[in-house]
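Asker: I'll drop the sequence and a predicted model, then ask my questions.
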Amino acid sequence: MSGVRNITVPWVPLDEFDWSFARTGPLPWNLTVWCLLAVFTSLPIWMTVELTAWVLYAFERWSGIYFWSVLATTWGLTIRAVGFLLKFCVPQANWILTYVLAEVGWVMMVTGFSIVLWSRLHLVISPGTPILRIVLAMIIIDGFLFHVPTVIFQYFMSNAATHEKYLPYMNVMERVQVLAFSVQEAIISSIYIWGTMQMFKLSLNAKAKNTLAFLIIVQVAVVLADIPVIVLDYCNYFTLKAVIHSFIYAFKLQIEFVVLNEFKHLANGGITGVNGSFGRGSDDFTQFHAGPLDIPKGNSTGAYNNSGVSVVVSAGGPPSSRVNRSDSSGTHGRRAEQPDALEAQYLGRYGMAM
């Protein structure tokens, strides 16, 4: 076994372990630390496989901003986790490679998830409302303000020759960016909660009200999930924060599936409690149609939307994924065949495998 090399790393007790940016070189040996690294690296990687399978199966069309942002965020989890795994545990790994993987995965994960949240706002906010453009502008501007300097400082931090020089700058920038992106997600989530509350006021259906209340609670959980990351960063536990960060975003993506699946059931069950469901004929809910990112509805077999999935509603029945538009009786123009507002706007067949 001439190809085997022994790599010795020092053992450090947990109460003396250096979690900060100042530590360089391979991760010191401590059973608790390495177990945490193994668990919170393997979980995001497995969840990436699971989420990818769900996304590819659940979406009828593999296109649209929502579809690609979910997929990019999902794979950003693994790319980032692998980058830090190589950096901490494989001393022979090229430092530029580990840096590129960690930073590219971080950008895909963080800003990708903000795009996911922004895309979902079209469910509860009128497409013509300026707030949608303001939120998108905020995401783009924050990306330049906080991603770019962090990536630059991290490059010099990863290089052993310039590590000490840029350590003070990175210590500050790390805390600024993690708080800034958490606030950004909290703002988008707050707008979503506000929009859901407006739907809550319009609902006469007790079951729909329970669903909307559940969606608000779930969205609050997404906001609270950032607190451990912020606390660890500000307490100078950067290594531990880096290890669990991908898992936190994997958890958020899992919640994203819960939210959209609940909206799917809400659309099927109706929100008004009067006509069973609301459709294009209802003036109160016309705001949920034809968002600015909707795919042109040139295909006669379905109403496409921002998610990349499609749905139509068959005459005289509940929402379904297909309808015969060539009915010679002329019933295709009736209100009963128009898609339910929520499904036509966003969900479609989403959740068919749930």
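Answerer: Sure thing, it's come through. Numbering: from 1, shown residues only.

Asker: residue 105 is in contact with residue 85, isn't it?
Answerer: No. Shown here, residue 105 and residue 85 do not form a contact pair, counting by Cβ atoms under 8 Å, at 11.0 Å. For the C-beta atoms, the positions are set from N, CA and C on the backbone; glycine is no exception.

Asker: and the two? Which one has more around it.
Answerer: Set side by side, residue 105 and residue 85 show more neighbours around residue 105, with 24 against 21, by other Cβ atoms under 10 Å.

Asker: what helix or strand does the more buried one sit in?
Answerer: Using DSSP states H and E, residue 105 falls within helix 95-120.

Asker: next structured bit after that helix?
Answerer: Heading C-terminal from helix 95-120 (DSSP H and E), you reach helix 130-142.

Asker: quick one: that following helix to helix 95-120, angle?
Answerer: 170 degrees (axes from the mean of the first three to the mean of the last three Cα atoms, to 10 degrees).

Asker: which other helices and strands does helix 130-142 contact?
Answerer: Counting contacts by 3 or more Cβ pairs under 8 Å, 6 or more residues apart in numbering; DSSP states H and E, helix 130-142 is packed against helix 95-120, helix 163-202.

Asker: what comes up buried for that helix?
Answerer: Buried residues in helix 130-142, defined by neighbour count with 16 or more other Cβ atoms under 10 Å: 132, 135, 136, 139, 142.

Asker: related to what we said a few turns ago, now the helix holding residue 105: average pLDDT?
Answerer: Per-residue pLDDT over helix 95-120 has a mean of 93.

Asker: how about the contacts made by the residue most central in space within the chain?
Answerer: Per Cα atoms, centre = their mean, the C-alpha nearest to the average position across the chain is that of residue 113, at 3.3 Å. Residue 113 sits next to 69, 73, 185, 249, 252, 253 when contact means Cβ atoms under 8 Å, 6 or more residues apart in numbering.

Asker: how far away from the center of its chain is the helix holding residue 105?
Answerer: 11 Å (Cα atoms, centre = their mean, to the nearest Å).

Asker: again, but for stretch 43-57
Answerer: 13 Å.

Asker: what's in contact with it?
Answerer: Stretch 43-57 has contacts (Cβ under 8 Å, 6+ apart) with 62, 67, 70-71, 74-75, 77-78, 81-82, 246-247, 249-250, 253-254, 257, 353.

Asker: if you set the cut-off to 10 Å instead, what comes out?
Answerer: The contact list for stretch 43-57 (Cβ atoms under 10 Å, 6 or more residues apart in numbering) reads 62, 66-68, 70-71, 73-82, 85, 105, 109, 244-251, 253-254, 256-257, 308, 351-354.

Asker: quick one: mean pLDDT for it?
Answerer: Mean predicted lDDT for stretch 43-57 stands at 89.

Asker: what's the answer for stretch 230-243, then?
Answerer: On average, stretch 230-243 scores 89.

Asker: buried ones in it, by neighbour count?
Answerer: In stretch 230-243, the ones that count as buried by 16+ other Cβ under 10 Å are 230, 232, 233, 236, 237, 238, 239, 240, 241, 242, 243.

Asker: for stretch 168-178, same thing?
Answerer: For stretch 168-178, by 16+ other Cβ under 10 Å, it's 170, 171, 173, 174, 177, 178.

Asker: turn the residues you listed into CSV, including distance to residue 57 and pLDDT.
Answerer: What follows is the buried residues of stretch 168-178, written out as CSV (distance: Cβ to Cβ, whole Å; pLDDT from 0 to 100):
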residue, distance to residue 57, pLDDT
170, 41, 90
171, 44, 89
173, 40, 92
174, 37, 91
177, 35, 94
178, 33, 93
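
Asker: all good on my end, thank you.
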